[in-house]
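J.: let's see this in three dimensions:
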Amino acid sequence: MRKRTRTILFLSLFFGFVLFAPAVVLYSQGYRFDFEKRKITQTGAIFLQAEPKQTEIYIDGKLAKKTDFFFGTALLENLLPGDYKITLKKEGYYLWEKNLEVREKQVTEAKNIILAPGKTEFKVLSQNVEDFWISPDGKKAILLNGPDLKLYDLEKNVKSHLVGGMTDLLSLEWSPDSKEIFLGIGKENFTLKLDKTPVVLEKRTAPKTPENVLLVFGDYTFSKEGETLYFFDRESQAFEKIFEGLKNFKTSPDSKKLAFFSDSEIWIFYLKDKTEMPAKKAGERQFLVRLSKKIGDVFWLDNDYLIFNAGDKIRISETDERDRINTADLANFENPKMFWNLTDKKLYILSGKNLSSSEKLNY
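T.: Below is the predicted model:
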């Protein structure tokens, strides 16, 4: 090879290195050329975590990958800044869909996603049930079978007779330790201690319920007057009316959020800062949904999802309000009374005097 040829070859390789090395370095650092905006920009990513695992992920309608087998997670890298339509699909489940924004040098997160099952199996546990009450520990239930009260061991699937003649039963409440129940029968009040044999009704003096109820959750104080909910504003040192038509309220399992609802609306109050996306500040309120059908009851499915009945439909809803709120119909029962049991992960439904339970829902 002649000297001139070697020189030309060396210079060609040198200038090629000078030209392409920076491009390789920039590419390795996540820089891409955005043809739409006609400029070089740094990419971002989307991190997903979903149940069930091995769920297909689509970006703008195109299959990208699946969540992994062990943790149900996936990282979508090297995405140009902008909005992406993310769809999660798995056979036998409702799909999850949301437009997520990607920013330069940032990872957009969507964690704790639940794909609701397309079909949920229920089995009848007991018939001729007028009402039921599940214990705070989720291990027992009291059934009103005609005029009789029965104790149902949910773990052993065993029923036993407690007392009869409950024709004038007006109220029933469990003690916090699940060892006794408080009964309002006619104009009198009784205690039934379940850890004693034989079980005997004992008279008790029922505490008077004040018209104005103070509710304290962590650093926040609320006041309930009838169906109106007030929040104590520290700056003004006064109670501020935040909700009317209140039916009930429920705290999330981690005690960081409060869901309160009326016949048609569900709201969330953040008791503590939420750092995961979408981030929320303590004291922030979030409107979740307004429905045309009457809301019966609302439960926290976990810390990020709610389960409730609207009319005859049992529905699951996420609380992530970015773009759209994903909801799914889990079941349909006529005039249901429902209870979501966090202990055994089963949904209990009373409809038409039949008490049914779902299969275990692995959320």
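J.: what is the burial count for residue 213?
T.: Neighbours of residue 213 under the rule other C-beta atoms under 10 Å: 12. C-betas here are computed from N, CA, C, even on glycine.
J.: cool, and residue 333?
T.: Residues near residue 333, counting by other C-beta under 10 Å, number 18.
J.: next: residue 166.
T.: Look at residue 166: counted by other C-beta under 10 Å, it has 19 neighbours.
J.: check contacts around it.
T.: With contacts defined as C-beta atoms under 8 Å, 6 or more residues apart in numbering, residue 166 is in contact with 144, 147, 148, 149, 183, 185.
J.: buried among those residues? Make that a ChimeraX selection.
T.: In ChimeraX syntax, the buried subset of the contacts of residue 166 is picked out as below (16 or more other C-beta atoms under 10 Å):
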select :144,149,183,185
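J.: for the spatially closest residue to residue 180 that is not a sequence neighbour, grab the count of nearby residues.
T.: Once flanking residues are discounted, residue 180 sits nearest to residue 193: 4.6 Å by C-beta to C-beta, 6 or more residues apart in numbering. For residue 193, the count of nearby residues is 14 (other C-beta under 10 Å).
J.: hang on, residue 193 packs against residue 178?
T.: No: if you go by C-beta atoms under 8 Å, residue 193 and residue 178 don't touch, sitting 11.5 Å apart.
J.: follow-up on the earlier one: tell me how far the residue nearest to residue 180 lies from residue 110.
T.: Using C-beta to C-beta, to the nearest Å, we find residue 193 at a distance of 48 Å from residue 110.
J.: which among the contacts of residue 166 gets closest to residue 269?
T.: Nearest to residue 269 among the contacts of residue 166 is residue 183, at 32.7 Å by C-beta to C-beta.
J.: show me the contacts for that closest one.
T.: Neighbouring residues of residue 183 by C-beta under 8 Å, 6+ apart: 166, 169, 171, 172, 189, 190, 191, 192, 201.
J.: what of residue 112?
T.: Taking C-beta under 8 Å, 6+ apart as the test, what residue 112 contacts is 49, 302, 303, 304, 305.
J.: show me what the helix or strand harbouring it pairs with in its sheet, parallel or antiparallel.
T.: In this assignment (DSSP states H and E), residue 112 forms part of strand 107-114. Strand pairing for strand 107-114, determined by DSSP bridges: strand 44-51 (parallel).
J.: pLDDT value on residue 165, please?
T.: pLDDT, residue 165: 88.
J.: count the neighbours of it for me.
T.: 10.
J.: circling back to that earlier point, buried residues in the following helix or strand past the strand holding residue 112?
T.: Note on strand 107-114: by DSSP H and E, the next helix or strand toward the C-terminus is strand 122-126. Neighbour counts using 16+ other C-beta under 10 Å place 122, 125, 126 of strand 122-126 among the buried residues.
J.: export the residues you listed to TSV and tack on pLDDT and distance to residue 216?
T.: Output for the buried residues of strand 122-126, formatted as TSV (pLDDT from 0 to 100; distance: C-beta to C-beta, whole Å):
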residue	pLDDT	distance to residue 216
122	97	38
125	96	37
126	96	38
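J.: residue 179 touches residue 195, doesn't it?
T.: Yes: here residue 179 lies in contact with residue 195, judged by C-beta under 8 Å, at a distance of 5.1 Å.
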